[in-house]
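[1] Next input, structure requested:
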Amino acid sequence: MSFRKIEPTELPGNIIEEVCNKWMLLSAGTEEDFNFMTVNWGMMGELWFKPAVTVYVRHSRHTLGYMENNDTFTLTSLKPGHQEALNLAGTKSGRDIDKLKESGLTAAFVDGCPTFEEAAYTIVCKKMYADDMPPENFLDQEPFNKSYPEPDYHKMYIGQIIAAYVND
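    Okay, the predicted model is just below:
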């Protein structure tokens, strides 16, 4: 494993394809204690004159506490062959199992932030903004009704991309 720092504009592939169809891992915490989950909703671009990403975490997710208690988080695209790990990270809670052990992934850290040796690339972000997504703020009720059959809403986090790494 060899993480090489790159500019965020040099990230490989198509971020829309990565997030929507291949999925990514959102991780937050420290080397001593971190958690991760699968994300397949998110956005990347520029906000407030900075490269930025937006991620969404349901209030019921164990990862929410890690997002709340840490200033940074990572988004990781895994190399091919890790779909079972992505499935587990999206369906099992770190409250109930040792997600790292059960996933078969190997923890690694860049800039003190959690990622995985199996990463194709990792994006390191510093939180800039966070807010809940309450029902009354939805201007289009169709996605709300489809996404929230139960009241387990998302919290939105906007992070400045402060570093990006490819794993050669």
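
[2] C-alpha only now, for contacts and for neighbours.
    Noted.

[3] hmm, which helix or strand of the protein has the shakiest average pLDDT?
    Using mean pLDDT, DSSP states H and E, helix 15-17 stands out as the lowest-scoring helix or strand of the chain, at a mean of 82.

[4] Name the strands paired with the helix or strand that that one is followed by and say parallel or antiparallel.
    On the C-terminal side of helix 15-17, the nearest following helix or strand under DSSP states H and E is strand 24-29. According to DSSP bridges, strand 24-29 forms sheet pairs with strand 34-39 (antiparallel), strand 72-78 (antiparallel).

[5] quick one, which of those is packed in tightest?
    Each of the strands paired with strand 24-29 was scored by mean neighbour count; the highest is strand 72-78, a mean of 26, by mean count of other CA atoms under 10 Å.

[6] ok, residues contacting it?
    Strand 72-78 is contacted from outside by 18, 23-29, 67, 113-116, 118-127, 159, using CA atoms under 8 Å, 6 or more residues apart in numbering.

[7] got the angle for the very next helix or strand once past that strand vs strand 24-29?
    Downstream of strand 72-78, the next assigned helix or strand under DSSP H and E is helix 83-91. Relative orientation of helix 83-91 with respect to strand 24-29: 60 degrees, computed using axes from the mean of the first three to the mean of the last three CA atoms, to 10 degrees.

[8] Could I get the buried residue list for helix 83-91?
    Using 16 or more other CA atoms under 10 Å as the test for burial, helix 83-91 gives 85-86, 88-90.
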